[in-house]
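> Sequence first, then the predicted structure:
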Amino acid sequence: GPLRRAGRVAAATGAALFAENGFPRIDRGVGEPRLRRLAYFPQDAQRELAAFDTVVCLDAKPPVAMFGYDGGPSAILQLTDDDIWELDVDLEAALEFLCAEVGGTSVVPGTNCRGVFVTAERRPPLPPADARLNPGRLCEALVHLQPPGAIVVDESLTSGGAYFDLSAACPRFSHLTLTGGAIGIGPPMAVGAAVACPDRRVINFQADGSGLYSSQALWTQAKENLDVVTVVCKNNTYAILKVELAKQGIRQGKHTSGLTDLNQPPIDWVALGSAYGVPSVSVATVGDFCTEFRAALARSGPSLIEACL
């Protein structure tokens, strides 16, 4: 497919292979190219791409900042139009031609691919069972237990920052993310993925704040008995909004905290999921998460795990 051809081009030329930060879908893992995910904040993304004098956008627009920042950049690429190539028409034919022109057809994954392709499964070890969950340990446990062929709907935001790199060498899976700043996309996207692919397990790796935008999707999962495991990253805050406020130089105070905290009163995701008809549990340690995640994967229908961070 196009992604593997792009990987062959990268291997043949030494080009870096990036994914958008908010990509619609990428099939990742063993047998697929290893991608770098473009940084979320525009200044960081500009620094990453400043090293290149030519950028080829494959079925993607040139990247721009998610939000407007006072004094910050909007366009990420600081190149002339002649140095930005957009391939978005008949992509497969274009990549087939490009691959042949640069010698990509002779690339053999694992032999002469410059490490571009993932050729062996590798997962992080599980943290100690009695360790308290935090964002890093939750990502490690999820990647360690993720089943082959899974569809991971990833709206984990600040809590899932380590997931992309940790999951690079998992068995092949489909990775779907938040696109265009559409907060709350996770639960309904998980419904769509489960309906479209009833033979595959869907994991919704979900931030708690954005999950509140569309929690009614849990009712649909229960009504249709969809095989979705929702892992809620419960940190009781809109952490991404706090980061954005800090980037704008706005100090945290009583009023900003009142707009971004979710602990007055706290959201009870076990009660919420149960009210929608989804079996729901709360966990706070690595061991308890692993036990409940394995149990959720072993049964049919939806499940919700509130991971207290």
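Everything's here; your move.
> which residues touch residue 110?
Counting by C-beta atoms under 8 Å, 6 or more residues apart in numbering, residue 110 makes contact with 117, 119. Yep, even glycine has a C-beta here, placed from its N, CA and C like the rest.
> Let me see the backbone angles for it.
The phi/psi pair for residue 110 (degrees, to the nearest 10) reads phi 90, psi -10.
> separation between it and residue 31?
In this view, residue 110 and residue 31 are 10 Å apart by C-beta to C-beta, to the nearest Å.
> shared neighbours of the two, anything?
Here residue 110 and residue 31 have 117, 119 as joint contacts, going by C-beta under 8 Å, 6+ apart.
> which residues in the stretch 151-300 of the chain form helices?
In the stretch 151-300 of the chain, the segments counted as helices under DSSP state H, counting those that start in this stretch are 163-166, 186-196, 208-211, 217-223, 239-247, 254-260, 269-275, 286-298.
> who wins for proximity to residue 126 among these?
When those are ranked by proximity to residue 126, the top entry is helix 286-298, at 6.6 Å, counting by C-beta to C-beta.
> Does anything pack onto that closest one? Which helices or strands?
Using 3 or more C-beta pairs under 8 Å, 6 or more residues apart in numbering; DSSP states H and E as the contact criterion, the neighbours of helix 286-298 among helices and strands are helix 135-145, strand 228-234, strand 280-283, strand 303-308.
> And that helix, what's buried?
By neighbour count, and taking 16 or more other C-beta atoms under 10 Å as the criterion, the buried residues in helix 286-298 are 286, 287, 288, 289, 290, 292, 293, 296, 297.
> Stretch 103-113 now?
Along stretch 103-113, the positions that meet the burial threshold by neighbour count (16+ other C-beta under 10 Å) are 104, 107, 109, 113.
> Poorly predicted segments of the stretch 201-309 of the chain, please.
By pLDDT under 70, the stretch 201-309 of the chain has no low-scoring segment.
> out of the helices of the stretch 151-300 of the chain, deepest packed?
Greatest average neighbour count among the helices of the stretch 151-300 of the chain goes to helix 208-211 (a mean of 24), per mean count of other C-beta atoms under 10 Å.
> Who are the packing partners of that helix?
When contacts are defined as 3+ C-beta pairs under 8 Å, 6+ apart, helix 208-211 sits against helix 186-196, strand 228-234, helix 239-247.
> what do you get if the cut-off is 6 Å, keeping everything else the same?
Other helices and strands packing on helix 208-211, by 3 or more C-beta pairs under 6 Å, 6 or more residues apart in numbering; DSSP states H and E, are absent; none qualifies.
> got a list of contacts for that helix?
155, 183, 184, 232, 234, 238 (C-beta atoms under 6 Å, 6 or more residues apart in numbering).
> which of those residues are buried?
Applying 16+ other C-beta under 10 Å to those, the neighbour count classes 155, 183, 184, 232, 234, 238 as buried.
> And the residues you listed, which is closest to residue 13?
Of all the buried ones among the contacts of helix 208-211, residue 155 has the smallest distance to residue 13: 34.0 Å, by C-beta to C-beta.
> separation between the residue of the chain most remote from its centre and residue 94?
The outermost residue of the chain, judged against the average C-alpha position, is residue 101 (32.7 Å), by C-alpha atoms, centre = their mean. According to C-beta to C-beta, residue 101 stands 11 Å off from residue 94.
> what do you get for residue 204?
With distances taken as C-beta to C-beta, residue 204 is found 34 Å from residue 94.
> coming back round to it: how about the buried residues of stretch 103-113, which pair is most distant?
104 and 109 (11.5 Å).
> what separates the closest residue to residue 24 other than its chain neighbours from residue 219, distance-wise?
With C-beta to C-beta, 6 or more residues apart in numbering as the measure, residue 179 is the residue that lies nearest to residue 24, at 5.5 Å, once sequence neighbours are left out. Here the criterion is C-beta to C-beta. By it, residue 179 lies 24 Å from residue 219.
> Also residue 163?
Relative to residue 219, and taking C-beta to C-beta, residue 163 is found at 27 Å.
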